[in-house]
Structure formats: structure tokens, C-alpha cells
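Visitor: Sharing a model prediction with you, sequence too.
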Amino acid sequence: MFLSMHNWMRAEPIDVTIRRLAKYGYDSIEIGGEPDKYDTKQVSKILKDNKLRCWGSVTLMFPGLDLIDANVAVREKTVQYCKDVIKMVHELEGCEITIVPSTVGKVIPQDSPEQEWAWCVEGLKEVYAYGEAQGVTLALEPLNRFETNFLNRSDQAVALATAVGPNCGVCLDAFHINIEEGDLYQAILNTGKRLVDFHIADNNRMPAGYGDYNWTKVVKTLGQAGYKYALTAEFVASLDRTPVNKYPDALATADPSLTPEQLKFIQDHGSGVLSESFYDWMVDENGKTLHKAMKKAGVAETRVPKRVQVGKAGKGYSDLKTTF
């Protein structure tokens, strides 16, 4: 396994993010799904200069992006958006795209369960075919019930991935499975070979080591499931404005580059603008915790895999895993 991290949680120039990850011993980045924002040639050079790789990307399902929207135009726009993110990942030589199927924060259905499922499968099959041609694997991520009404548990994600295609994977998030799974460790094992990405945050969505998770057990369970890829940090620190705040240097003023849409997305996740020193500290602590957990669990630290062409005739999902 290797360390990776998202960058959507903090609005800053991508070179600042990449240099921070390199400084604190990370191996890769799962870049935010904003393909219009990044010059992939420039980002590739920054990654190379800092000896990091692109592991993949994650869709940022702002309002107006939804694979199960009743409006066909919205669904078509979302399919194209996912393809654009895949193209970005391909150009960055990444391996996967984590897809959240519905708008984050939307918890009211627009049609029957059967119809929404059919819409999602239809859209994802088109995205899947494009991803296969680009050598980029899909990883479908369930979120907790307070962020979506569509995909909440690992068994749902496995069923959806199975309906989409043999090489379609699943991404689990430690924060979400802590809320939705009766046995989160069994959920990891049950996902098995479909698991192609794993997001890291403690039970309180703080960095690993600052909640109640037994990270050695988590990493060991991932290994038992056959998982050997990214431990992708996606912590979202809450902001404490009371006299009992343990982190007085956490709060900061907004960066001018932070758009209202980006700020709202972060605030909707229960956070806000964080100081650079506090963010640096969290990135460092998260990495230290996971390095220690891998060592205790007897799990080897591996390099970021190179992207390969997948989906060739006759290859099933188990074959895909051996090519990573």
C-alpha cells in the first residue's frame, strides 16, 4: 500500500499541495475532479519534479451534476463530466476515478428506486466504456445517508459495480463505513477484489490517529481483502469556535482563489477555511499514523502502480487486479 491524498479539501495552488505531500512522505495525489482547472502538462511536470504520481481523481458532484437526476440533460452533462475527469486522469498517467453517482447533499429521490438505479447503470456503463478505452478504472463510492439517499453501503456499491461491468470497482471511505456498516471490517472483506480505492479519515473525520479507529486493524483487514493500493487521505476537520477549542491555530481567512462554490462545498462537509500551519500538521500526523499502522500490520509499502490498458476481450475483474 502507499499514501495518497485528495486536494479538494483546501483551495490552494496545486504546486503548494504537491510540495506538501512530498515533504511529508506521501507517494501520490488523488486530484479533485475539476478538469477545466488544471493544465495536465504543467501538473505532470510538478509531480515529476517532486517525485510524486497521480493515483487518480474523484468526482466533485456539485449541484447540477447527478447521474440519477430526472432531467435527462443533467444526466447527459454528468456523463460528459465524468469522461472529462477520466481524460484528465489519463493525461496525468493516473489509474482510477472515484465516482460519487449523485449530487452530494441531495437526499430526496426524484423517481422510483428502480428508475434511479436504471438511470445510474445506463450512465455509468457509458462512462465505464470510455474509462476502459483510456485505461482508467472506475471506483464507485458510497456515502453516508446524510450526504446521499442513493448509495450508502458497500453491498450496494458492489451490486452497482457488478451491473456496470466486470472491471468496475468500488471505493470505500473509512468515515462513511463507520456510519453505515454494521461491521465495517467485514464490509471491507466482502468488497474484496472490487476494492480499488480506500479513503482515509478517522471516525470523527479528523486525520488518522485523532479518533477512535484502530488503524493497524484497518490496514491488516485491507491486506486480508487483497487490497494493495492507495490509502487516500480525505480528512475534513471541523471548526471549533468555542472556548474549549484544542486547535487555536486552525482558523484562517479565506484565500482569494477560493470560489463561493468551493467554499460552500467545504462548508457543507462540516469544515471551512483552515490555516496552513494547521493543515500541514494534519497531513504530517495522518501520514505518520498510517506508516506506523502498515509497519505493525506487516503490510508492505509499495510504489504507485503505472497505468495499464484494461478491459481487453476475455479479461475479468480478477485479471485486471494482476495488471496493476
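Guide: That came through, no problem.
Visitor: What about the closest residue to K306 other than its chain neighbours, how many residues nearby?
Guide: What sits nearest to K306 in space, not counting adjacent residues and going by Cβ to Cβ, 6 or more residues apart in numbering, is E93, at 7.2 Å. In short, each C-beta sits where N, CA and C put it, glycine included. Residues within reach of E93, counting by other Cβ atoms under 10 Å, total 16.
Visitor: residue contacts, E93?
Guide: Neighbouring residues of E93 by Cβ atoms under 8 Å, 6 or more residues apart in numbering: 44, 53-54, 306-307.
Visitor: Relative to E114, how far out is S28?
Guide: With distances taken as Cβ to Cβ, to the nearest Å, S28 is found 39 Å from E114.
Visitor: meant to ask about A159
Guide: As judged by Cβ to Cβ, A159 and E114 stand 13 Å apart.
Visitor: quick one on the thing from earlier: most neighbours among the contacts of E93, which one is it?
Guide: Greatest neighbour count in those, by other Cβ under 10 Å, goes to C54: 26 neighbours.
Visitor: Do a quick rundown of the strands in the stretch 51-200 of the chain.
Guide: Taking DSSP state E, counting those that start in this stretch, the strands of the stretch 51-200 of the chain run over residues 53-59, 96-99, 137-140, 169-173, 195-200.
Visitor: In this structure, where is pLDDT below threshold?
Guide: Residues of the chain meeting the criterion pLDDT under 70: 251-259, 261-272, 307-324.
Visitor: Recalculate using a threshold of 90.
Guide: Under the criterion pLDDT under 90, the flagged ranges of the chain are 9-12, 237-243, 245-278, 303, 305-324.
Visitor: Tell me which stretches of it form helices.
Guide: All helices of the chain, identified by DSSP state H, fall at 14-23, 40-49, 72-91, 113-134, 154-164, 174-180, 184-191, 215-224, 260-268, 276-297, 317-323.
Visitor: okay, the ones you listed, which one's buried deepest?
Guide: Of the helices of the chain, the one with the most neighbours on average (mean count of other Cβ atoms under 10 Å) is helix 174-180, at a mean of 21.
Visitor: List of residues touching that one?
Guide: For helix 174-180, the surrounding residues in contact (Cβ under 8 Å, 6+ apart) are 141-145, 147, 152-154, 184, 187-188, 198-203, 205, 213, 218, 234.
Visitor: Please repeat the previous calculation with a cut-off of 6 Å.
Guide: Helix 174-180 has contacts (Cβ atoms under 6 Å, 6 or more residues apart in numbering) with 143-144, 152-153, 184, 187, 200-201, 203, 205.
Visitor: mind checking how far that helix is from the chain centre?
Guide: Relative to the chain's own centre, helix 174-180 is displaced by 14 Å; criterion: Cα atoms, centre = their mean, to the nearest Å.
Visitor: Only C-alpha atoms, please: export that helix in PDB.
Guide: The C-alpha trace of helix 174-180 is given here as PDB (Å, rounded to 0.1, in the frame of the first residue of the first chain):
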ATOM      1  CA  ALA A 174     -13.400   4.900   6.400                       C
ATOM      2  CA  PHE A 175     -15.600   7.800   7.600                       C
ATOM      3  CA  HIS A 176     -18.700   6.700   5.700                       C
ATOM      4  CA  ILE A 177     -18.500   3.000   6.500                       C
ATOM      5  CA  ASN A 178     -18.100   3.900  10.200                       C
ATOM      6  CA  ILE A 179     -21.600   5.300  10.000                       C
ATOM      7  CA  GLU A 180     -23.400   2.900   7.700                       C
END
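Visitor: can you count the residues close to the residue lying closest to I108 once chain neighbours are set aside?
Guide: Distances taken as Cβ to Cβ, 6+ apart place N149 nearest to I108, at 6.7 Å, with adjacent residues excluded. For N149, the tally of surrounding residues (other Cβ under 10 Å) stands at 17.
Visitor: Next, find the distance separating N149 from W119.
Guide: Between N149 and W119 the computed distance is 14 Å (Cβ to Cβ).
Visitor: if I look at the residue of the chain most remote from its centre, how far off is Y38?
Guide: What lies farthest from the middle of the chain is P243; by Cα atoms, centre = their mean that is 33.5 Å. Distance, P243 to Y38, by Cβ to Cβ: 41 Å.
Visitor: who's in contact with the closest residue to T232 other than its chain neighbours?
Guide: The shortest distance from T232 to any non-neighbouring residue, by Cβ to Cβ, 6+ apart, is to S4 (4.2 Å). Going by Cβ under 6 Å, 6+ apart, S4 touches 28, 30, 55, 230, 232.
Visitor: would CSV of these with neighbour count be doable?
Guide: As requested, these are exported to CSV (neighbours: other Cβ atoms under 10 Å):
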residue, neighbour count
S28, 25
E30, 29
W55, 29
A230, 30
T232, 26
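Visitor: Show only the entries of these found in strands.
Guide: Members of the contacts of S4 lying in strands (criterion: DSSP state E): 28, 30, 55, 230, 232.
Visitor: Now distance to N167 too, for these, in TSV please.
Guide: Formatted as TSV, these follow (distance: Cβ to Cβ, whole Å):
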residue	distance to N167
S28	21
E30	19
W55	17
A230	18
T232	20
